[in-house]
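Asker: Prediction below, plus the sequence it came from.
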Amino acid sequence: MVAMFGLPTGACGPDSPASARSRLARLEEQGLWPNGPRHLGIDAIGVLVLVGLARTEGDPAWLDRAEVLVREVDRVLRRRRGYRAGEGPLRDVQSFRELALWILALRTLGEERPAWSKRALEVVREVHRAFVAPGLGVHARRGEDLDHARTDGGFGRLDAFRGAVVWRLVDPVGLAEEIEEMDRLVQAACARLRIDRDVTAGAALWLSHFFPDEYWSRLLLERSMEVLERTWNESEGFFARSPQARSSRRALGNYAITLGLQSHGLQGERVARAHEFWDVQRWRGADRGLAPQIMACASLLPHAMMRPGAKASTGFPVPGVCRPVVSAVLSAAGAR
C-alpha cells in the first residue's frame with residue numbers, strides 16, 4: 001500500500017479532524033497502520049474514518065484510499081465465506097463482532113461507491129446462518145471456514161444487537177427474514193443484558209443510536225448511561241473502567257464512550273474533557289496499542305460512524321429518563 005496520510009496543517013485541537021489525521025499519519029510513519037498486520041475490526045473502523053475524511057474535507061481521494069484498504073483486506077483476510085478476524089493468532093477465527101463492523105464499513109463506503117453495498121449484502125448472507133443459533137444466541141466466534149463454533153467463544157453479549165442494527169442498515173427488505181431472526185434473539189438478550197464496563201457501555205451506547213425508537217435501543221441507552229454516571233471522574237475528566245474500578249482508566253474505553261455520546265448528541269462537555277485528558281495524558285501499556293489509536297480517530301472524526309442525519313450536540317441527559325418507556329415496552333414484550 002502507498003502512503004495515505006500527510007501531516008495536516010493549520011489548527012489541530014483535540015477535537016479537530018486534523019487531530020485525527022495527525023494520529024493516522026503517526027501510525028503510518030511507525031508502520032503500524034494501514035501497512036501493518038491486518039485486523040478486520042480495526043480496518044473496518046479505519047475505512048469508516050476514511051469515509052469521514054472524504055465527507056468532511058470534500059475530497060474523493062479519501063474514498064480511493066478506502067477502496068485500496070478494502071482490497072488489501074480482501075487479499076489477506078477474505079475466505080470463501082466471510083473474513084478471518086485478522087492475521088497471526090486470529091488467522092483461524094471468524095468473529096461476529098469484527099464481521100459486523102466490516103459489513104457496516106462496506107455498507108457505509110457503498111453510500112459513496114455503490115458496488116460495496118452489494119458486497120455488504122453478500123457477506124451478510126454468507127455468515128448469518130453460520131453464526132445464528134435459533135433460540136439461543138449469536139456465536140461470538142467460528143472457525144476460519146465457518147464450519148464449527150469455537151469453544152473459546154460462547155454467545156456474544158451484544159452480538160444479537162449488532163446483527164439487528166447492521167442487517168437493517170444493509171437491506172431492511174432483502175434481509176427481512178434474517179432481521180426477524182435477529183429480533184427474536186434480541187428479545188432474549190434484553191432479558192439477560194448486563195453492561196458493567198467501559199468498552200461494553202460505549203459499544204451499547206453507539207449501537208442504540210441507529211434505531212432510537214426500538215425498545216431494545218432504549219434499553220441499551222438507559223443501561224449504558226447508568227454505567228457512565230457511575231464511572232465519570234469529574235475532577236480529572238475521564239471515564240473509569242467500571243464502577244468497581246474508579247481509579248482505573250483506559251483510552252480504548254474512553255474513546256468508545258465518547259463516540260457513543262456523540263452519536264446521541266449527549267454530554268458534549270464531558271466528551272470534550274475526555275478528549276482533552278487523553279490528548280495530554282501519557283499513554284502506557286495496552287493504551288499504546290493500535291486499537292485505542294484507531295478508536296481515538298473514530299471519536300475525533302465520528303461522522304461516518306453515525307447514522308445518516310445524526311448530529312453531534314451538547315447537553316446533559318437526565319439519567320434514567322427513558323426508564324418508564326423501556327419498562328413498559330419490555331413488559332409488553334415479555335422480558336424480565
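Answerer: Yep, it's here.
Asker: Would you list the phi and psi of the closest residue to Leu252 other than its chain neighbours?
Answerer: Leaving aside its sequence neighbours, Leu252 sits nearest to Pro292 (CB to CB, 6 or more residues apart in numbering; 4.2 Å). From N, CA and C alone the C-beta is placed, and that goes for glycine too. Dihedral angles of Pro292 (phi, psi; degrees, to the nearest 10) stand at phi -60, psi -40.
Asker: you'd agree Phe96 is up against Ala160?
Answerer: No: shown here, Phe96 and Ala160 do not form a contact pair, counting by CB atoms under 8 Å, at 9.5 Å.
Asker: Next one: the closest residue to Glu111 other than its chain neighbours from Pro243, what distance?
Answerer: For Glu111, ignoring the flanking residues on the chain, the nearest one in space by CB to CB, 6+ apart is Ser117 at 7.4 Å. According to CB to CB, to the nearest Å, Ser117 stands 41 Å off from Pro243.
Asker: Those two - which one has more neighbours?
Answerer: Neighbours were counted for Ser117 and for Pro243 using other CB atoms under 10 Å; Ser117 has more, 18 against 14.
Asker: contacting residues for the nearest residue to Gly110 once chain neighbours are set aside?
Answerer: Using CB to CB, 6+ apart and skipping the chain neighbours, the partner closest in space to Gly110 is Ser117 (3.0 Å). The contact partners of Ser117, by CB atoms under 8 Å, 6 or more residues apart in numbering, come to 106-107, 110-111, 170.
Asker: Name the next helix or strand downstream of whichever strand or helix holds Ser117, please.
Answerer: Secondary structure from DSSP states H and E places Ser117 in helix 115-131. Using DSSP H and E, the helix or strand that follows helix 115-131 in sequence is strand 132-133.
Asker: Mind listing the strands the helix or strand following that following strand pairs with, and their directions?
Answerer: Next helix or strand after strand 132-133 toward the C-terminus (DSSP H and E): strand 137-138. In the sheet, strand 137-138 lines up against strand 132-133 (antiparallel) (DSSP bridges).
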